[in-house]
Every structure is written in C-alpha cells, then in structure tokens.
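Asks: I would like the atomic coordinates for the input below:
(one chain, ligands or ions: 1)
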Amino acid sequence: MSLAGKRILLVISGGIAAYKSLDLIRRLRERGAEVRPVMTAGAREFVTPLAVGALSSGHVYTDLFSREDEQDVGHIRLARDCDLIVVAPATADLMAKMANGLADDLASTVLLATDQPVLVAPAMNPKMWSHAATRRNVETLRRDGLAFVGPNAGEMAEGGEAGLGRMAEPLEIVAAAEDLLDGGRKPLAGRRAVVTSGPTHEPIDPVRYIANRSSGRQGHAIAAALAKLGADVTLVSGPVTLPDPRGVKVIRVERAEEMLAAVLGALPADIAVMVAAVADWRVATANTEKIKKKPGEGPPPLMLAENPDILKTIGHHEKRPKVVVGFAAETQDVEDNGRVKLQKKGADLIVANDVSPETGIMGGTRNSVKLITAAGIEEWPDLSKDEVAGRLAGWIAERLS
Ligand code: CTP
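Replies: Here you go, the predicted structure:
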C-alpha cells in the first residue's frame, strides 16, 4: 500500500489512451490511493464517466459550471485538496493550454489553480509529439516544475504509425507517482530554508538603476530543489523574469537593503543559501526626481555607499542557521578568493564559479562549480543549473543529518 492515504486527482483528457486510465485508477487504488477523476469533454468521447466512476467508486467531475459540483467541492478546492495531480492521458491540446495558462474548462482550470505537484503522462501521435509547438510547451511545463512520465516509443493504438507518443503504461505512471510522493525521500521535511536569488537594482533616480547580469536561474533552482526535498523555503528574489518555483514562498525585493530585511525576517531558519548577486554599492542618495542633463555641466557625479553584506550578516548572526552557503562569483583566482570568502563571511560552504564572460555562466543555463569548505575543495563537472541545485540540496541534507 505504497500510496496509502494519498489523494490523487486524475485528469483524463481526450485521447484513445484514455482506456488505459481505467486500469490506472485500479492500480492507484490497489496501492491505497483515493482517486478523484476529472474528465474533459474529449475524454468522455473515449470512455464514459460511468465506467470511470465505477472504478474510482466516487463522483466524476466534468463541468466547470456545474452547480452541484461547485456546491460539493468547488474547482479551487478540487485543485488543492489532493497530494498529487496526474494528467493521463495528457493530449497535445491540454498541454498547450497548461503551458499557456488557459482555463476554459474544469480540467485546465484545476491545473491552473493548483499548488500541488503535477505528473503529466503525454499521449499523442508521434508527429504531434515532435512538432515544434509541442516541444516548446513541454519545455515550458518542465521549467514550471511539472514532472513527466513517458511517452514511450511503439505502435500507436490507432494503428499504422510507430514512434514516440504512446502513453506510459499504468504501472510506470504509478511508479512515477510513488516517486513524487515518496515521503522517505524528503530528508529536509520540517527544515526551514531561506534562499536569495537574482540581482539587486540600486536606484540612481526614479528611472535609472545600477544592476548586474544575474538571471536568478541558479538561486531559483536551489529554492526549488530544497523544496523538493521537503524544506519550507522562503525565496528572497531581486528583479528577475523567471516564474516562481513551485511550493516556495517568494518575497520580491529590488534593493540590497530590502533583501537583507527580508532575509532577517525569514529567520530562524536551518539553512541559508545566499545566491543573489547583491550589488556591493548603492548610490549614496538616490535622486527623487529624474536627473536632467544640464548644458555645460557635464555628467553628474555618482557618490556610492557600501551595501550591507547579507551573507556575512547571516554568517555571524545570533540566529545563524545551521548550514550557511554562499556563492563566489569570480573572474580570477577562483579558489583563493573562495577560501577568503568562506572565512570572512562565516559560511560553511562557498560554491565558487568562474563568471568570466567566455564561460557564459552568468545569465546562462549551465554552471561548473567548486565546493570550498574548511575541509578542502571538491570540483563538480559542468552541469545544468538544475543539476547543480539538486546536488547542492543533497549536500545540505547530508550535512544536516
Ligand atoms: N553577498 C551578499 N551581500 C553582498 C555581497 C555579496 O550576501 N552585499 C553574497 C552573495 O550572495 C554570495 C557571496 O556573498 O553568496 C559572495 O558574493 P560575491 O559577489 O562573489 O562577493 P563579494 O562579497 O561581493 O566580493 P567581491 O565582489 O569583492 O568579489
């Protein structure tokens, strides 16, 4: 009974693979899960709500505007009162809606309203799966933090064509659901973490500011990875264009001083990971009005003042988290500078990286880092920022155990 007591909302959309969803319901229930089905209009062309209801032994939700259903649970509660949403089969059309935030029926509305993990089992014709539009949508959904199982290669149910597009088998979907819900793999459950991410913007006047090239990708990925391991994460983010990671509380700030205040507000915490590229200096007194060009006067002088060092403040704070991690963005002497920062800032670990423009790390999607601790240096291979985040969350969990 690996899914005992788990509440799974099963969204069935309109593909021929919907017939496999009947078996999926049985398999999920065999493992102790409670299954609430939501069917799209398309799904009802392939399998009947009667069959789905009989197997799930409960109500089948189909209509966004049903007075009876809305009085019963309502679509918002339907979206939230569950441990996991499984979309099987997920058609190209439903994935396109999900990727673009459309909500024109019950299934898509529930998927937009949820804050629970979502597992997607795509099923479609191989040409549709390989189409550029579907590739883009899958990429978007992955970036939004949705998990995928399949599709598999093989003969399509409609016959004739073979290729990638067959829905994963019910038992594979069950295994992926178990994986996502596995409480045993949440070593950071009950731990609080605060993560900073992105650049800061330091105003010069109401329209101009000092900034840097940080995209926030690494910091956001770390917040998501810690949350995935069960931590209660507060992400304090400077201005970025990234979506909020799932299951993470996000506080948006602009200036370093605001970032420090938000980080202090998130204490006490067990873990602090300071990834933000905090501006070292701010304009001493930002102009309240736009600075105008004055003929004959030349450019205005900019007096700078030093910003608070957030990592150093946390590293020496009376409520210092048990694990304090900093980053070191360097363009030369990466190891030596990293070691100095470890000491000076009171961190347990400095993740040092070379941000020279030719590495493409700052603002890019990959990272190659060196882990500097009092015990020595460990070098990781070139990885995606998500992989670095996953490994780092594992390192932190290990350290805390
Ligand atoms: N950091 C911080 N507050 C600052 C400056 C940096 O919290 N005002 C943190 C960063 O989030 C990072 C670490 O300190 O975790 C190192 O940042 P980095 O920019 O590499 O170092 P600096 O201390 O700014 O030193 P320098 O710019 O001289 O290399």
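Asks: enumerate the residues of the protein near the ligand.
Replies: Taking C-beta under 6 Å from any ligand atom as the measure of proximity, the chain contacts the ligand at 196, 256, 274-276, 278, 280, 307, 309-311, 326-329, 341. Heads up, the C-betas are built off the backbone N, CA and C, glycines and all.
Asks: one more time with 5 Å
Replies: Applying the criterion C-beta under 5 Å from any ligand atom, the portion of the chain that neighbours the ligand consists of 274, 276, 278, 280, 307, 309-311, 326-329.
Asks: quick one: residues contacting R252.
Replies: For R252, the residues meeting the contact criterion (C-beta atoms under 8 Å, 6 or more residues apart in numbering) are 237, 239.
Asks: any idea how far A162 is from it?
Replies: Between R252 and A162 the distance, using C-beta to C-beta, to the nearest Å, works out to 48 Å.
Asks: follow-up on the earlier one: in helices, which of the residues of the chain next to the ligand fall?
Replies: When those are checked against helices using DSSP state H, the ones located there are 310-311.
Asks: so G219 makes contact with S237?
Replies: Yes: using C-beta atoms under 8 Å, G219 makes contact with S237 at a distance of 7.1 Å.
Asks: what touches both of those two?
Replies: By C-beta under 8 Å, 6+ apart, G219 and S237 have these common neighbours: 196-198, 276.
Asks: what is the burial count for P295?
Replies: Using other C-beta atoms under 10 Å, the number of residues around P295 comes to 5.
Asks: look up phi and psi at it.
Replies: Listed backbone geometry of P295 is phi -50, psi 130, with angles given as degrees, to the nearest 10.
Asks: now do it against P301, distance only.
Replies: When distances are taken as C-beta to C-beta, P295 and P301 turn out to be 17 Å apart.
Asks: quick one: contacts for the residue of the stretch 51-200 of the chain found nearest the ligand?
Replies: Proximity of the stretch 51-200 of the chain to the ligand (C-beta to the nearest ligand atom) peaks at T196, 5.8 Å away. Contacts here follow C-beta under 8 Å, 6+ apart; on that basis T196 touches 219, 235-238, 259, 263, 273-276, 278, 310.
Asks: could I get those as JSON lines with neighbour count?
Replies: Converted to JSON lines, the contacts of T196 look like this (neighbours: other C-beta atoms under 10 Å):
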{"residue": "G219", "neighbour count": "29"}
{"residue": "L235", "neighbour count": "29"}
{"residue": "V236", "neighbour count": "28"}
{"residue": "S237", "neighbour count": "27"}
{"residue": "G238", "neighbour count": "26"}
{"residue": "M259", "neighbour count": "26"}
{"residue": "V263", "neighbour count": "25"}
{"residue": "V273", "neighbour count": "33"}
{"residue": "M274", "neighbour count": "26"}
{"residue": "V275", "neighbour count": "28"}
{"residue": "A276", "neighbour count": "28"}
{"residue": "V278", "neighbour count": "23"}
{"residue": "I310", "neighbour count": "25"}
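Asks: want to throw those residues into TSV with distance to L84?
Replies: Below are the contacts of T196 laid out as TSV (distance: C-beta to C-beta, whole Å):
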residue	distance to L84
G219	26
L235	23
V236	28
S237	27
G238	32
M259	34
V263	32
V273	27
M274	32
V275	29
A276	32
V278	37
I310	36
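Asks: re earlier: so the residue of the stretch 51-200 of the chain closest to the ligand is in which element?
Replies: When elements are assigned from DSSP states H and E, T196 belongs to strand 192-197.
Asks: strands paired with that strand, and their directions?
Replies: strand 232-237 (parallel), strand 271-274 (parallel) (DSSP bridges).
Asks: export those to JSON lines and tack on distance to T285?
Replies: Converted to JSON lines, the strands paired with strand 192-197 look like this (distance: least, C-beta to C-beta, whole Å):
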{"stretch": "strand 232-237", "distance to T285": "25"}
{"stretch": "strand 271-274", "distance to T285": "27"}
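Asks: ok, now which ones touch the closest residue to V47 other than its chain neighbours?
Replies: Computed as C-beta to C-beta, 6 or more residues apart in numbering, the closest residue to V47 that is not its neighbour in sequence is A18, at 4.9 Å. Applying C-beta under 8 Å, 6+ apart, one finds that A18 lies in contact with 12, 43, 46-47, 89.
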